[in-house]
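Visitor: sequence unknown, structure follows:
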């Protein structure tokens, strides 16, 4: 069980950025990131889920209590296979967390977002 750093701003295209957490194993979470200047989160999960592998995408406004965020269909973002989802909520902090899996579970989480236009 470890907290994995995000890969930083891996790709910047105009006003959009791609952030990645790689090598997420069973019990790991991603280091939370605050993206206050950004909006319209699109999250992608990929990798080896293994037996019972599950990853969630969570948010928090206080950086202490985290809650599973929802997709555009109002379903919790909790995946047992590769997926791409739009995120409805916009909390101060976001992170992925692997909640189940086995010794082969090794996941990647890619978050694409764009700078809000005011």
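Guide: In hand now; what should we look at? Remember, it's a predicted structure, so these values are computed and weren't measured experimentally.
Visitor: what's the neighbour count on residue 56?
Guide: Per other Cβ atoms under 10 Å, the neighbour tally for residue 56 reads 21. In short, each C-beta sits where N, CA and C put it, glycine included.
Visitor: was I right to think it contacts residue 95?
Guide: No. Using Cβ atoms under 8 Å, residue 56 makes no contact with residue 95, being 9.4 Å away.
Visitor: return the distance of the residue lying closest to residue 2 once chain neighbours are set aside relative to residue 22.
Guide: Once flanking residues are discounted, residue 2 sits nearest to residue 28: 5.2 Å by Cβ to Cβ, 6 or more residues apart in numbering. Taking Cβ to Cβ, to the nearest Å as the criterion, residue 28 is separated from residue 22 by 11 Å.
Visitor: neighbour count winner among these two?
Guide: Taking other Cβ under 10 Å, residue 28 and residue 22 do not tie; residue 28 has more neighbours (21 against 16).
Visitor: before we move on, back to that, overlap of the contact sets of residue 28 and residue 22?
Guide: Here residue 28 and residue 22 share the contacting residues residue 4, scored by Cβ atoms under 8 Å, 6 or more residues apart in numbering.
Visitor: tell me the confidence at residue 115?
Guide: Looking at residue 115, its pLDDT reads 77.
Visitor: and the strands in the chain?
Guide: For the chain, the strands defined by DSSP state E occupy 3-4, 6-13, 16-24, 29-30, 33-34, 38-48, 54-60, 67-68, 78-79, 83-86, 93-100, 106-115.
Visitor: which residue is nearest the middle of the protein?
Guide: For the chain, the residue sitting closest to the mean C-alpha position, by Cα atoms, centre = their mean, is residue 96 at 3.8 Å.
Visitor: any idea how far residue 105 is from that one?
Guide: In terms of Cβ to Cβ, residue 96 sits 13 Å off from residue 105.
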